[in-house]
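>>> following is a predicted model, sequence given first.
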Amino acid sequence: MMLQNLCRLNCSWDDDIPQVYQSQWAKWQEDLKKLGTFRVARCLKPKGFGQVVSARLHHFSDACENGYGTVSYLRLQDDSEQIHLSFILGKARVAPLKKVTIPRLELTAAVLAVRIDRLLKAELQLKLENSTFWTDSTPVLKYIQNETKRFHTFVANRISFIREATAISQWRYIDTRQNPADEASRGVNVEYLLSHSRWIYGPDFLFKNESNWPSSAANSPFISNDDPEVKKEATVNTVVSKSSQNATDQLITYFSSWKRLKMAAVCFLQTLQGKAW
C-alpha cells in the first residue's frame with residue numbers, strides 16, 4: 001500500500017520519502033534485512049519418497065484493490081499414497097494506478113496463473129497431469145464457464161486466452177480463507193512469512209484425497225444482463241408493408257383531386273431542376 005501511494009505521488013528514485021511515510025519506510029527497510037534467513041526447500045521429491053504415480057501443478061490466484069498475485073505448487077503422490085507438496089513459484093504485483101474493478105483484477109490474476117502454468121510445464125522435466133487452477137472469485141469462474149454472453153473487450157480478450165490454454169473443468173473455487181494467494185494480494189509481514197505462511201507451505205487440503213478438496217461454488221454459468229462486463233444487446237425494429245399497390249397507384253390515391261396531383265408533380269419537378277442547377 002505504501003509503495004502504491006509513493007507511485008501515485010510520482011516520487012522518483014532520488015526523491016526524499018514524504019514525512020507521512022517515513023516510519024513505514026524505515027520499518028520496511030528493517031524487515032528486508034530479516035529476509036536473509038528465508039529458506040525454501042529446493043528438492044521437489046524428498047528422500048524416501050516412493051514411486052511417483054501422480055504429479056500435478058496447482059495454481060492459486062487472488063486480487064484486491066491494492067494488488068494481485070498467484071502462487072504455484074507441485075503436488076506429488078507416490079505408490080503408497082504418500083503426498084508431498086512443493087512451493088514452485090509465486091508472483092505478486094501492485095494494482096494499476098488507474099482504477100480497475102476487482103473482477104477485472106481477479107481475471108488478470110487468473111491470466112497470470114495460466115501464463116505461469118505454461119512456463120512451468122516447459123521447464124519441469126516431469127510427466128504432469130492437467131493442472132488445476134483455484135480462484136475465490138465467482139464472477140471469474142462464471143465468465144470462464146459462460147458460452148452465450150458477449151463481454152467488453154478487456155474481459156473478452158482475457159477469457160479467450162484462458163479458454164484457449166485451459167479447459168473449464170480445470171478451474172475450481174476456493175474460499176478466501178483457504179486461498180494462499182490472498183497473501184500476495186493483501187501482503188503479510190516478514191515474521192509471518194518466515195514462520196507459518198501458507199504462501200510457502202500451501203493449503204492443508206492438498207495433503208488430502210481429492211474427495212476432500214473444496215467443491216466449486218460456481219456450478220451455474222448464469223450471468224445477469226446487468227453485469228457491467230456484459231455487452232448490451234441492441235434491439236432492431238422493422239416494419240413490413242403488405243400493400244399490393246405500386247408507387248404510381250399510391251401517389252394517385254393519396255391526392256383527393258387531379259388538380260392537387262398536378263400541382264404536386266410540378267413542385268416535385270421544379271425541386272429536381274433546382275438541385276440539378
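Noted; the coordinates are in hand.
>>> so where does the one residue sitting closest to the centre of the chain fall, helix or strand?
Compute the mean C-alpha point of the chain, and by Cα atoms, centre = their mean the closest residue is L107, 0.7 Å away. Taking DSSP states H and E as the criterion, L107 maps to helix 102-123.
>>> so which other helices or strands are in contact with that helix?
Applying 3 or more Cβ pairs under 8 Å, 6 or more residues apart in numbering; DSSP states H and E, we find helix 102-123 packed against strand 52-63, strand 67-78, strand 83-94, strand 132-135, helix 138-145, helix 153-165. Any C-beta I mention is one placed from the backbone N, CA and C, and that applies to glycine too.
>>> L85 is in contact with Y73, isn't it?
Yes. L85 lies in contact with Y73 (Cβ atoms under 8 Å); the separation is 5.4 Å.
>>> common neighbours of these two, please.
Shared contacts of L85 and Y73 (Cβ atoms under 8 Å, 6 or more residues apart in numbering): 202, 206.
>>> so which of the two has more stuff around it?
Each of L85 and Y73 has its neighbours counted (other Cβ atoms under 10 Å); Y73 has more, 22 against 16.
>>> how far away is A184 from L269?
78 Å (Cβ to Cβ, to the nearest Å).
>>> circling back to that earlier point, nearest to D227, of the helices and strands packed on helix 102-123?
For the helices and strands packed on helix 102-123, the distance to D227 is smallest for helix 138-145, at 7.7 Å, taking Cβ to Cβ.
>>> more neighbours, A184 and L269?
Neighbours were counted for A184 and for L269 using other Cβ under 10 Å; A184 has more, 25 against 10.
>>> sorry, back to before: the residue nearest to the centre of the chain contacts T135, doesn't it?
No. Counting by Cβ under 8 Å, L107 does not reach T135; the two are 9.1 Å apart.
>>> and the pLDDT at the residue nearest to the centre of the chain?
Looking at L107, its pLDDT reads 96.
>>> what sits against it?
Per Cβ under 8 Å, 6+ apart, neighbours of L107: 137, 140, 143, 155, 158-159.
>>> now pLDDT and distance to W258 too, for those, in TSV please.
As requested, those are exported to TSV (pLDDT from 0 to 100; distance: Cβ to Cβ, whole Å):
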residue	pLDDT	distance to W258
S137	92	75
V140	93	73
Y143	91	68
V155	91	65
R158	94	70
I159	93	67
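>>> which one of those is nearest S224?
Comparing the contacts of L107 against S224 with Cβ to Cβ places Y143 closest, at 12.4 Å.
>>> who touches the nearest residue to S224 once chain neighbours are set aside in this structure?
The shortest distance from S224 to any non-neighbouring residue, by Cβ to Cβ, 6 or more residues apart in numbering, is to V230 (7.7 Å). By Cβ under 8 Å, 6+ apart, the contact set of V230 is 149-152, 223-224.
>>> tell me the pLDDT of V230.
Note for V230: predicted pLDDT of 83.
>>> how close does it get to K142?
The spacing between V230 and K142, counted by Cβ to Cβ, is 11 Å.
>>> list residues touching both of these two?
I223.
>>> how close does the residue nearest to the centre of the chain sit to W199?
L107 is 22 Å from W199, where distance means Cβ to Cβ.
>>> could you do N5 as well?
Taken as Cβ to Cβ, the span from N5 to W199 is 24 Å.
>>> please apply the same query to F133.
In this structure, F133 and W199 are 17 Å apart, going by Cβ to Cβ.
>>> more neighbours, the two?
The residue with more neighbours, out of F133 and W199, is F133; 25 against 19, by other Cβ under 10 Å.
>>> so the more buried one sits right up against A110, yeah?
Yes. Using Cβ under 8 Å, F133 makes contact with A110 at a distance of 6.9 Å.
>>> chain center to the helix holding L107: distance?
From the chain centre to the centre of helix 102-123 is a distance of 8 Å (Cα atoms, centre = their mean, to the nearest Å).
>>> swap in stretch 6-13?
How far stretch 6-13 lies from its chain's middle: 27 Å, per Cα atoms, centre = their mean.
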